[in-house]
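*Asks:* Show me the folded form of this:
(one chain, ligands or ions: 2)
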Amino acid sequence: MELSSTKAIKVKPGEKGAALADIEKESLNGSGSVLVKTDYTGICGTDVGIVSGKLTFTYPPKGKSDLVLGHEALGTVEEVGSNVKGLEPGDYVIPMVRRPGGCLQCRTGRQDLCEDADFVEAGIRGKDGFMSEYFIDESRYLIKVPDKSLSRIAVLTEPLKNIVKVYRIYRHSNTGALEHCSDGSFECRNVLVTGFGPIGILFAMIFRTHGFMVTATNGHTDPVRESIAKKTGIELLMDEKRDGSVFTGKKFNAIIDTTGVPSVVINGIKSLNHNGSMMLFGTSSGTATALDADIITMLVEKNCTVFGSVDGFKQDYIMALRYISMWKEMYPGVLESMITSETTPEHALNSLSSKQHGDIKHIINWK
Ligand code: BGC
Ligand code: ZN
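*Replies:* Ligands and ions are numbered 1, 2, ... in the order given. Okay, here's the model as predicted:
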């Protein structure tokens, strides 16, 4: 099938700004490829970083100077190549972000753990993304949405897959200390999530779903955040100074930082309990905090673990969709309420350059 021209949001990596443009027509380019009509794309901090011109690791596809933005997408299959199994027109799909290079991890489906940075990421580095009316992809990089009733909340699958991965690593990496409580539950285990944006909310929800007691902090609050915290049983604290001082003196078994702010991370590490884990997911730039010897001693003496994590593999996307189905039933309306703004491609440039207090997730409707 030939498409005359299709609209897309493009950036010049390294430069500030984005523009809605017509891009070349594309047609199915192989028996394993799929033509997808984009329904929704999400906007995340990575996109805002690219549009600001400040994100250092973004670059265009080989031989091009611009890049189609967008890595959080939900689309509908329009046409499939003759060798495509398990997908048919009308199916909802989520495209994967990261595509493998040649290292051992990449060759075995674990490009999220790439050993030599020889991968590309749609809409971020070296590969066009999904902020376009249509895109063509290989079927192996498309995750079918099994529950068609999910509709637009399935656009949260891509960010959630990162969180599913961190939760999986946390549950697999332990010191040998008993993790559960004397009754077999996790109710005596306190988890702290710093930052209650889209990522922080999803982290808090996954730990809460597994029975942990969860506290989250954020620099400001608003009715939507408060309602999400209340409905999911998460304690929400205001960290007005945005330095982690609000939780100083409390102790946690697990901490997930989504802020990337050094002072928050250091205050977090100081708040770890024995056998605690500090999981780093957020990144930032500009500020510095000294690491003092007491912190090193504390990490050693308390058997603490600190690890960072990025991206996720196919199973994490599949599990993310399962969580979304479950949460739709468990917490009616909560995921919907995270989508605080839905815009058109024509009006998306605003959402790509600024975030207001009270905003959680912005999405673009391409339909
Ligand atoms: C995406 C990840 C990606 C990362 C790159 C995130 O927004 O969800 O898949 O690896 O950006 O830093
Ligand atoms: Zn993202």
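*Asks:* center of the chain - which residue?
*Replies:* Nearest to the geometric centre of the chain sits residue 159, at 2.3 Å (C-alpha atoms, centre = their mean).
*Asks:* Helix or strand: which one has that residue?
*Replies:* Element membership for residue 159, per DSSP states H and E: helix 157-172.
*Asks:* mind listing what's buried in that helix?
*Replies:* Buried residues in helix 157-172, counted by 16 or more other C-beta atoms under 10 Å: 157-168, 170. For the C-beta atoms, the positions are set from N, CA and C on the backbone; glycine is no exception.
*Asks:* Residue ranges in the protein under the pLDDT threshold?
*Replies:* Applying pLDDT under 70 to the chain flags residues 1-3.
*Asks:* Residues of it that sit close to ligand 2?
*Replies:* 44, 46 (C-beta under 5 Å from the ion).
*Asks:* Check which helices and strands the helix holding residue 159 sits against.
*Replies:* With contacts defined as 3 or more C-beta pairs under 8 Å, 6 or more residues apart in numbering; DSSP states H and E, the packing partners of helix 157-172 are strand 72-80, helix 198-209, strand 272-280, helix 314-330.
*Asks:* And that helix, how far out from the chain middle?
*Replies:* 9 Å (C-alpha atoms, centre = their mean, to the nearest Å).
*Asks:* cool, stretch 95-108 as well?
*Replies:* Taking C-alpha atoms, centre = their mean, the mean C-alpha location of stretch 95-108 is offset from the chain mean by 18 Å.
*Asks:* so, in contact with ligand 1 or not, that stretch?
*Replies:* Yes: if you take C-beta under 6 Å from any ligand atom as the test, stretch 95-108 does meet ligand 1, through 97-98.
*Asks:* what are the phi and psi values for the residue in the chain that ligand 2 sits nearest to?
*Replies:* Residue of the chain nearest ligand 2, by C-beta to the ion: residue 44 (3.4 Å). Main-chain torsions, residue 44, degrees, to the nearest 10: phi -130, psi 180.
*Asks:* Just confirm it contacts residue 159, I think it does.
*Replies:* Yes: taking C-beta atoms under 8 Å as the definition, residue 44 is a contact partner of residue 159 at 6.2 Å.
*Asks:* Now for these two: what residues contact both?
*Replies:* Residues touching both residue 44 and residue 159 (C-beta atoms under 8 Å, 6 or more residues apart in numbering): 72, 198.
*Asks:* Assumed residue 264 was part of a helix.
*Replies:* Yes: assigned with DSSP: H, G, I helix; E, B strand; the rest coil, residue 264 falls within a helix.
*Asks:* quick one: the spatially closest residue to it that is not a sequence neighbour and ligand 1, what's the gap?
*Replies:* Among residues not flanking residue 264 along the chain, residue 244 sits closest, at 4.1 Å (C-beta to C-beta, 6 or more residues apart in numbering). To ligand 1, residue 244 is 23 Å away according to C-beta to the nearest ligand atom, to the nearest Å.
*Asks:* For residue 189, see how far away residue 244 is.
*Replies:* The gap separating residue 244 from residue 189 is 20 Å, by C-beta to C-beta, to the nearest Å.
*Asks:* Who has more neighbours out of the two?
*Replies:* Shown here are residue 244 and residue 189; by other C-beta atoms under 10 Å, residue 244 has more neighbours (25 against 20).
*Asks:* which stretches of this structure form helices?
*Replies:* Remark: helices assigned in the chain by DSSP state H are 45-52, 104-107, 157-172, 198-209, 223-232, 262-270, 293-301, 314-330, 334-338, 348-353.
*Asks:* which one of those is the most hemmed in?
*Replies:* Mean neighbours per residue, mean count of other C-beta atoms under 10 Å, is largest over the helices of the chain for helix 198-209, with a mean of 25.
*Asks:* For the stretch 51-200 of the chain, list the residues in contact with ligand 1, please.
*Replies:* Close to ligand 1, as judged by C-beta under 6 Å from any ligand atom, the stretch 51-200 of the chain has residues 71, 97-98, 121, 124, 158-159, 162.
*Asks:* can I get the residues you listed in CSV with distance to residue 347?
*Replies:* Shown next, in CSV, are those (distance: C-beta to C-beta, whole Å):
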residue, distance to residue 347
71, 20
97, 24
98, 29
121, 26
124, 23
158, 22
159, 22
162, 27
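*Asks:* Now flag whichever of these is closest to residue 349.
*Replies:* Proximity of these to residue 349 (C-beta to C-beta) peaks at residue 71, which lies at 17.5 Å.
*Asks:* picking up where we left off before, which residues are in contact with the residue nearest to the centre of the chain?
*Replies:* Neighbour list for residue 159: 42, 44, 72, 198-199, 202 [criterion: C-beta under 8 Å, 6+ apart].
*Asks:* Pull the number of nearby residues for the closest residue to residue 105 other than its chain neighbours.
*Replies:* In space, residue 105 comes closest to residue 113 once its chain neighbours are excluded; the distance is 4.4 Å by C-beta to C-beta, 6+ apart. Using other C-beta under 10 Å, residue 113 has 18 neighbouring residues.
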